[in-house]
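A.B. asks: Predicted coordinates and the sequence they were generated for:
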Amino acid sequence: MLAPCRLILILCLFFSINAFAGKVVTVSSPDEKIKFFLSTDQDGLYYRVTFKGVLMVDRSRLNISFKEGGAFSNSLVISLAKPEKVIEDYDLLIGKTSKVHSESNRIIIPVLEQTGAKRQMNIEVRVFNDGVAFRYVIPQQKQWADMVNITDETDSFNLTQNPVATVMYRVNYTTSHEGLYTKINLNNLRADTLMDMPALFEFPNGNYMAITEANLHDYAGMYLMKHNGVLESRLSPLPHQTEIKVKAILPHNSPWRVLMISDRPGAFLESNILTNLNEPCKIKDVSWIKPGKTTFPWWNGDVVPDTINAPGNNYVTNMYYVDFCAKYGIEYHSVVEYGLHEWYVNDGAGFQPGPNADPSKAVPGLDMQQICDSAAKKGVGIRVWVHFYALYPRLDATFAQYEKWGIKGLMCDFMDRDDQEMVNMQEEILQKAAQHHLHIQFHGAYKPTGESRTWPNEFTREGTLNYENDKWSDWVTPDADVNVAFTRLLAGSTDYHLGGFRAASPEQFKIHYTRPFVMGTRCHMLAMYVVLENAIGMACDDPEAYINQPGFEFIQRVPTTWDETHVIDAKPGEYLVIARRKGSNWFIGAITNHSPRNLSISLDFINDNYYLADIYSDKPADPNLNHLNKITTPVRKKSIINLQLAAGGGQVIHLRTFMP
């Protein structure tokens, strides 16, 4: 069982601000380095943010509009504010740390219209040592009916100093959120173009900011857009129209708009600010939730040995992968498809569901009960892949059947939306999956917003370009991996098709649909298991690609959830060195972009135990990028390790305690 949350509200100050406009309400982080200022003028609400006395966000608008009554911006008066300190301790089953201690200062600021309908809106602000978050809290009130329609939320983020932005442009709101990142000064960002979140901003004085959202619940997903020279938010509209973004039954809260702020970019990868802003776990018994690694044969092209009798969507093919899992400690096997046909009944083409698609029924010749029973006897769990639009119309019956068979979880794919309707359907999937003891991997989906605290059966989300694209393009480079680490990964668990063991340089890379190549060194691939946060990491190559191959034992040993995360060294767009602890073991992963580099790291973050370090390193002069060096050496706290990373390379280190 997860330990219950311990929430301590310490009332620091109570004061009333009666009917004024133009005054400033201030709330600071516990260490007083971040300050948020809110005020009003003739155009409505505006805020500013400073970090260590430096203005990071200048006069920026809080703009929300309704079909009923228009924009909430005229003749606004701040009437009451209650600052308080919030201290919280909670456990995370899925995440970068297992135990979280959170401190913030919170203020809820009621804002009243003095003319017109005289509506009321509360602005809730929480300021942590690593960022600031604000949201709209819309109470029930006689001026409105029980339901209102939000037509726009165009909050602005007027960043100072023309920072360097790392962003991913999007064409429209219908998107799988897969693309390459652009690094460019804010002033030169493409105007009136959607940008995905998180987005990273590097300020010339050495400070950093990332913008994203938390606790996306019964609301539309948010994007950024530079409009009239200033960043603004944009909400994904409800389907089949463009006017209404959110149908809100009062009382209603928006998601948190989050500004991560630090003078160290690695702090964003250590931060739990997004889970801090979500509700406690809603699953009473979590004993059945078992993170781990999984096969995913679709990626490798369903490769089986020539000795397999009649390969296909059948028992013998799936048991080949189950036997591999059982022998080498891979927790799950994913049943996906064979010969470009799903494992379940479907009369559609190209994996799209037809009118009679039914993911609760296996294709003829595939006995899912037999596979689940046989796998369970070998200690292996069975997962499946399902198209969202085949699953959702039959959700209850399908999940009931999966529980009966003994399926442990599933990848739900092809949502490609983040409007309010889709957000609610995904939460419904998590709720009902929990009732049937199923974990969920959302693919073709929007970024996480910290909801794994509330629903820890959500193991991961995609929302990024990843190695599945190696089957048909050369887009996923080591440079792209580094950019993902400083953008999408800031939001949380990141679904990648990890484990490709056919490493190639850009010159050697060729597009293969079966047995794909991956760009970068073998050690770069191993390091991605540590760099990424992902509770259901893949071993997606075929078994023969792994057996007796250097580095495979690291994949067998590396965990998928963590007790502690520490970023050792980081430079956005160039390299990252990150350490994660599970129990008494530390795992260190380092990746670089297209440039080779030498780095020195200190082990000053470990305790005073004696450790043996298994160090896997690139062979920079070797044209075969699958080759690596491995040494084992004793180390202690304060030991210095030199990392030599090849172009597109990486390094991994497994620290395990021993008695000398």
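C.D. replies: In hand now; what should we look at? Residues are numbered from 1 along each chain as shown.
A.B. asks: rest of the way, CA atoms for contacts and neighbours
C.D. replies: Fine.
A.B. asks: in the chain, which ranges drop under the pLDDT threshold?
C.D. replies: Across the chain, the ranges flagged by pLDDT under 70 are 1-22.
A.B. asks: After the longest helix along the chain, which helix or strand is next? Please name it.
C.D. replies: Identified as the longest helix of the chain according to DSSP state H is helix 420-435. Toward the C-terminal end, the helix or strand that comes next after helix 420-435 (DSSP states H and E) is strand 439-442.
A.B. asks: Using CSV, write out the CA atom coordinates for that following strand.
C.D. replies: The C-alpha coordinates for strand 439-442 follow below in CSV (Å, rounded to 0.1, in the frame of the first residue of the first chain):
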residue,chain,number,x,y,z
HIS,A,439,-1.5,-0.9,-16.2
ILE,A,440,-1.6,1.5,-19.1
GLN,A,441,1.0,2.8,-21.6
PHE,A,442,-0.5,5.7,-23.7
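A.B. asks: Who are the packing partners of that strand?
C.D. replies: With contacts taken as 3 or more CA pairs under 8 Å, 6 or more residues apart in numbering; DSSP states H and E, strand 439-442 sits against strand 409-413, helix 420-435, strand 458-461.
A.B. asks: can you list the ones you listed in CSV and add mean neighbour count and distance to Asp196?
C.D. replies: Formatted as CSV, the helices and strands packed on strand 439-442 follow (neighbours: other CA atoms under 10 Å; distance: least, CA to CA, whole Å):
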stretch, mean neighbour count, distance to Asp196
strand 409-413, 23, 19
helix 420-435, 19, 16
strand 458-461, 28, 15
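A.B. asks: ok, back up a step: give me the residues contacting the longest helix of the chain.
C.D. replies: Contact with helix 420-435 is made by 216-221, 236-239, 245-246, 283, 395-396, 399, 415, 439-440, 455, 457-458, as judged by CA atoms under 8 Å, 6 or more residues apart in numbering.
A.B. asks: Any idea how far that helix is from the middle of the chain?
C.D. replies: Centroid separation for helix 420-435 versus its chain: 17 Å, with CA atoms, centre = their mean, to the nearest Å.
A.B. asks: what angle separates that helix from strand 409-413?
C.D. replies: 170 degrees (axes from the mean of the first three to the mean of the last three CA atoms, to 10 degrees).
A.B. asks: Any quick ChimeraX command for the buried ones out of the contacts of helix 420-435?
C.D. replies: Under the burial definition 16 or more other CA atoms under 10 Å, those of the contacts of helix 420-435 that qualify are selected in ChimeraX by:
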select :216,217,218,219,220,221,236,237,238,245,246,283,395,399,415,439,440,455,457,458
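A.B. asks: So which of the contacts of helix 420-435 are in helices?
C.D. replies: Taking DSSP H, the ones among the contacts of helix 420-435 that sit in helices are 395-396, 399.
A.B. asks: Which residue lies nearest the spatial centre of this protein?
C.D. replies: Gly492 (3.0 Å; CA atoms, centre = their mean).
A.B. asks: Under a three-state scheme, what state does Lys118 occupy?
C.D. replies: Applying DSSP: H, G, I helix; E, B strand; the rest coil to Lys118 yields a three-state assignment of coil.
A.B. asks: doesn't Leu112 make contact with it?
C.D. replies: Yes: using CA atoms under 8 Å, Lys118 is in contact with Leu112, at 6.4 Å.
A.B. asks: Looking at the two, which has the bigger crowd around it?
C.D. replies: Higher neighbour count among Lys118 and Leu112: Leu112, with 22 against 16, using other CA atoms under 10 Å.
A.B. asks: residues touching the residue lying farthest from the centre of the chain, list them.
C.D. replies: Centroid-distance maximum for the chain: Thr115 at 42.6 Å, with CA atoms, centre = their mean. Contacts for Thr115 (CA under 8 Å, 6+ apart) come out as 74-75.
A.B. asks: Reduced to three states, what does it come out as?
C.D. replies: Going by three-state DSSP: Thr115 is coil.
A.B. asks: returning to that earlier point: so for Lys99, which of the helices and strands packed on strand 439-442 sits nearest?
C.D. replies: Lys99 lies closest, by CA to CA, to one member of the helices and strands packed on strand 439-442: strand 458-461, at 17.4 Å.
A.B. asks: Next SSE downstream of the closest one?
C.D. replies: Heading C-terminal from strand 458-461 (DSSP H and E), you reach helix 478-485.
A.B. asks: can you list the residues that contact the helix or strand just after that next one?
C.D. replies: Counting by DSSP H and E, the next helix or strand C-terminal to helix 478-485 is strand 503-504. For strand 503-504, the surrounding residues in contact (CA under 8 Å, 6+ apart) are 517-522, 624-626.
A.B. asks: ok, of the residues you listed, which one's closest to Leu92?
C.D. replies: The closest of those to Leu92 turns out to be Arg522 (CA to CA; 31.2 Å).
A.B. asks: For the closest one, which non-adjacent residue is spatially closest?
C.D. replies: Spatially, and ignoring its direct neighbours in sequence, Arg522 is nearest to Asn626 (4.8 Å; CA to CA, 6 or more residues apart in numbering).
A.B. asks: and that neighbour, what does it touch?
C.D. replies: 501-504, 521-523, 550.
A.B. asks: same thing but at 10 Å, please
C.D. replies: 501-504, 520-525, 549-551, 618-619 (CA atoms under 10 Å, 6 or more residues apart in numbering).
A.B. asks: and Met519, bridged to which residues?
C.D. replies: Ala504 (DSSP bridges).
A.B. asks: now it: how far from Thr464?
C.D. replies: Distance, Met519 to Thr464, by CA to CA, to the nearest Å: 17 Å.
A.B. asks: who's more crowded, these two?
C.D. replies: Between Met519 and Thr464, Met519 has the larger neighbour count (other CA under 10 Å), namely 29 against 24.
A.B. asks: before we move on, back to that, looking at the ones in helices among the contacts of helix 420-435, which is nearest Asn228?
C.D. replies: Checking the ones in helices among the contacts of helix 420-435 one by one against Asn228 (CA to CA), the nearest turns out to be Leu395, at 44.5 Å.
A.B. asks: I'd assumed Val386 was in contact with the closest one.
C.D. replies: No: contact criterion CA atoms under 10 Å: Leu395 and Val386 do not qualify, at 11.1 Å.
A.B. asks: Common neighbours of those two, please.
C.D. replies: By CA under 10 Å, 6+ apart, the residues touching both Leu395 and Val386 are 359-360.
A.B. asks: hmm, back to that, which of the ones in helices among the contacts of helix 420-435 sits closest to Leu366?
C.D. replies: Out of the ones in helices among the contacts of helix 420-435, the member with the shortest distance to Leu366 (by CA to CA) is Phe399, at 18.2 Å.
A.B. asks: would you list every one of the helices in the stretch 551-660 of the chain?
C.D. replies: 552-557 (DSSP state H, counting those that start in this stretch).
A.B. asks: which parts of stretch 144-159 are buried?
C.D. replies: 148-159.
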